[in-house]
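**Student:** Here is the input, now give the coordinates:
(chains A and B)
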There are 2 protein chains.
Amino acid sequence: MRCEIVAVGTEILLGQIVDTNSAWIAERLAETGIDCHFQTVVGDNPERMSEVLTSALERAEALIVTGGLGPTQDDLTREVVAELMGVELVRDMEIVERIQERFSSRGRPMPENNLKQADVPVGASAITEMPGTAAGLICPMPEGKVIYLVPGVPTEMKQMLEGTVLQDLVSRSGERSVISSRVLKTWGHSESGLAEDLAEEIERLNSDGEVTLAFQASGIEGVKVRITAKAANKEQSDSLLDYEETVLRELIGDHIFAVDHQTMESVVLDQLKAQSLTFATAESITGGMIGSRLTEVSGSSDSYVGSVVAYEADVKRSLLNVPKDISVVSQEAVEAMALGVCDLLGADVSVAVSGAAGPYPHEGQEPGTVWMATNVSGDVESFKVLFPFDRAQIRQFTVITVLNALRKRLESPR
Amino acid sequence: MRCEIVAVGTEILLGQIVDTNSAWIAERLAETGIDCHFQTVVGDNPERMSEVLTSALERAEALIVTGGLGPTQDDLTREVVAELMGVELVRDMEIVERIQERFSSRGRPMPENNLKQADVPVGASAITEMPGTAAGLICPMPEGKVIYLVPGVPTEMKQMLEGTVLQDLVSRSGERSVISSRVLKTWGHSESGLAEDLAEEIERLNSDGEVTLAFQASGIEGVKVRITAKAANKEQSDSLLDYEETVLRELIGDHIFAVDHQTMESVVLDQLKAQSLTFATAESITGGMIGSRLTEVSGSSDSYVGSVVAYEADVKRSLLNVPKDISVVSQEAVEAMALGVCDLLGADVSVAVSGAAGPYPHEGQEPGTVWMATNVSGDVESFKVLFPFDRAQIRQFTVITVLNALRKRLESPR
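**Tutor:** Have a look, this model is predicted:
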């Protein structure tokens, strides 16, 4: 089964927005086992859209087309596909009602324009999910082929793909099994290192065929290990995932920090909350980034009390009790910061970081040198890292590395 | 002149990376006046690459191909294009030398594999810029058409585009003039509002033809106004840009905060440095994001001393002197925070923010309500904003809005 992705929108062709939809869809297709050999971007121009869709349909059995389903003159995807199908557009009164509901629930009248979004090629069916005013459509084509039309708005597109399109594709592919996947996020080990640790397990799985593993180096999100399982039904595929997760945790459990939509921040905050601990940060090199990322998580205020961003050396000494005679990039300094910020803000737990972000050396330390400390109820641990990266990456990796060190302490029995 | 963009890479087709190159190139082509009607992504597969390049060449006079110029077995762009040209690949000894230099300057031996990167189709010429080990190539095709091969690494690609490819495209298009552009970044006015304020000027320019204006709503980067000027030489086009910038500053100068590569953060830091002022922040709703963004700028330590992230109410009261009897989301609270943080950290200037990021109300304030204060040498000003956005956007817009308020105060005579 081959499926191509076509993104429609002159704003993409003009470089005004980056098409992130195609990458997201491509990833889902890959994990579902459907081949995607081409992605194309075309503007809001009917001739060129028609040309792109026609040649894509010659090469593939299915197309996912994003964009061009809005209410304006520019939105021509429905018209172009109806013409390819050789049918008329008819107004679908059920969709009209759903659009009207959407407007009335916000207390706004529906503009006449939006009726256009209820026009459907004869023979096409609407996708159940409809989070916005654009209806997604499944359009049957000759030779058993199919075109899926979904909106360009990423949240709407994703809901339709996950709710309907991917499963429909899998059924059409003749595949009668259910495919599920789970992502284990790891930190502190390279992709090749993980592959080495899992070599025997991968070999065992290969001979089996139901479960596969894939690695994906993801920068500050670490290396993701995706488990994909194929079974007769969802219950069985989920239980395959559960079993495989247990096996992987035995082999590389030290490196796994999160599963699926969890992040390093959410995992640390969950641990703190579960243990009723309050949390503070003392930041120098990261300038507030640790606090910023923690507070992106809704509900972080349950545990997180705040931070002292001590960018200047004097602030470290006056507010955080870093002694005068020691360098502010040193083990003693970060340990003093980690204790000092808990005293100052009245927190149980803290992390502290101080280092040289570059491009120039700082306090005699070469760029990339970072001292980090974690303080859990007065018990301080510290370590040094040398990151061979640029300024932005050094700061980002510092955030994750120190939070991961804290996570390990919080997860281990005390 | 029509130019298509083709991105080569199986990792893009699998959704492992998002292709940001094509959007960047598309934007440059648009401002250079070259039409781009299609963008395509294809994997590292010679037959499919050949198919994509062939049909793109039928539709357009020029192609820009990114990726597939590395040293591994997967990197096949050179081979595929040589075959389309009907020529052999030959090793270019000048490129070999440049690759060798690159390795020896880092004290590393050159792996044998990298020699492959010096293989060039007969008749193609190397692009002057070569920041990495991949040489960019200009490959002449039949009927006066051309294929540009550039690496997929964004920094390398951009240097080659800006140094050679765009100018070469413009010359080939028969256009004998030089095109320059300048971006004025604005904050605090909508795209349609700016267009209204500039309506007469746009009309005047239209009748003229040498200079054009384009708007681009860019989220937390505000609305960009791009001036593009066309003239016989660089000196003349630059002087057209200078003149137009002066005109625009008279009409919408209040909203312009930065030019080209400047950012809100860099402009504020430059002002602080020029006036020898030290700077501190007191953050609640943003949780450290203001400090994080300021310290992304190398050299920020010249002015920025640090921050108190007072996420918990108690921290605002104990450290920043917010009185017990007033709400922590209020005018009095942010003004106290702005003064308190300057006292605590010994700074001349500060900003303070406190609000409700959502999804739930905070201190009786609906999500999106943010109080902001600026303190310049003890003189405090404050204001309230209600952002109709989600949690992440409310926080990001808060950062820019409060820094913009400080910028205006620093830029006005005191």
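
**Student:** how much space between residue A:249 and chain B?
**Tutor:** Distance, residue A:249 to chain B, by C-beta to the nearest C-beta, to the nearest Å: 24 Å. Yep, even glycine has a C-beta here, placed from its N, CA and C like the rest.

**Student:** For the stretch 251-400 of chain A, just list every one of the helices.
**Tutor:** Along the stretch 251-400 of chain A, counting by DSSP state H, counting those that start in this stretch, helices occupy A:264-274, A:289-294, A:313-320, A:331-345, A:391-411.

**Student:** Those residues of the stretch 151-300 of chain A touching chain B, which are they?
**Tutor:** Contact residues (C-beta under 8 Å from any C-beta of the partner chain) of the stretch 151-300 of chain A with chain B: A:216, A:278, A:281, A:283, A:286-292, A:294-296, A:298, A:300.

**Student:** Widest-spaced pair of those residues?
**Tutor:** A:216 and A:278 (35.1 Å; C-beta to C-beta).

**Student:** just the CA coordinates of the helix or strand bottoming out on mean pLDDT in chain A, formatted as PDB?
**Tutor:** Every helix and strand of chain A was ranked by mean pLDDT, DSSP states H and E. The lowest is strand A:211-217, at a mean of 81. C-alpha atoms of strand A:211-217 as PDB (Å, rounded to 0.1, in the frame of the first residue of the first chain):
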ATOM      1  CA  VAL A 211       6.700  -6.600  17.400                       C
ATOM      2  CA  THR A 212       9.300  -4.300  15.900                       C
ATOM      3  CA  LEU A 213      11.600  -1.700  17.500                       C
ATOM      4  CA  ALA A 214      12.700   1.600  15.900                       C
ATOM      5  CA  PHE A 215      15.100   4.200  17.100                       C
ATOM      6  CA  GLN A 216      14.900   7.900  16.600                       C
ATOM      7  CA  ALA A 217      17.500  10.400  17.800                       C
END
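
**Student:** following that strand, which helix or strand comes up?
**Tutor:** Moving toward the C-terminus from strand A:211-217, the next helix or strand (DSSP states H and E) is strand A:223-231.

**Student:** That next one - contacts with which helices or strands?
**Tutor:** When contacts are defined as 3 or more C-beta pairs under 8 Å, 6 or more residues apart in numbering or on different chains; DSSP states H and E, strand A:223-231 packs onto strand A:178-186, helix A:191-197, strand A:211-217, helix A:234-252.

**Student:** Quick one: neighbours of residue A:248, just the number.
**Tutor:** Applying other C-beta atoms under 10 Å in any protein chain shown, we find 22 residues neighbouring residue A:248.

**Student:** right, and it touches residue A:254 too?
**Tutor:** No. With contact defined as C-beta atoms under 8 Å, residue A:248 does not count as touching residue A:254 (11.3 Å).

**Student:** Might you report the residue contacts of residue A:311?
**Tutor:** Taking C-beta atoms under 8 Å, 6 or more residues apart in numbering or on different chains, we find residue A:311 in contact with A:284, A:287, B:291, B:295, B:300-301, B:304-307.

**Student:** thinking residue A:177 is in contact with residue A:234, fair?
**Tutor:** No. Applying C-beta under 8 Å as the test, residue A:177 and residue A:234 come out as separate, 10.2 Å apart.

**Student:** Compare those two and say which is more crowded by neighbours.
**Tutor:** Using other C-beta under 10 Å, the more surrounded residue of residue A:177 and residue A:234 is residue A:177, with 14 against 11.

**Student:** hey, which of the helices and strands packed on strand A:223-231 is tucked in deepest?
**Tutor:** With neighbours taken as mean count of other C-beta atoms under 10 Å in any protein chain shown, the helices and strands packed on strand A:223-231 reach their highest mean count in strand A:178-186, at a mean of 20.

**Student:** Give the pairing partners of it; include direction for each.
**Tutor:** strand A:223-231 (antiparallel), strand A:256-259 (antiparallel) (DSSP bridges).

**Student:** now the longest one against helix A:234-252, angle please.
**Tutor:** Using axes from the mean of the first three to the mean of the last three C-alpha atoms, to 10 degrees, the interaxial angle of strand A:223-231 with respect to helix A:234-252 works out to 150 degrees.

**Student:** any idea how far residue A:323 lies from residue A:362?
**Tutor:** Using C-beta to C-beta, to the nearest Å, residue A:323 is found at 18 Å from residue A:362.
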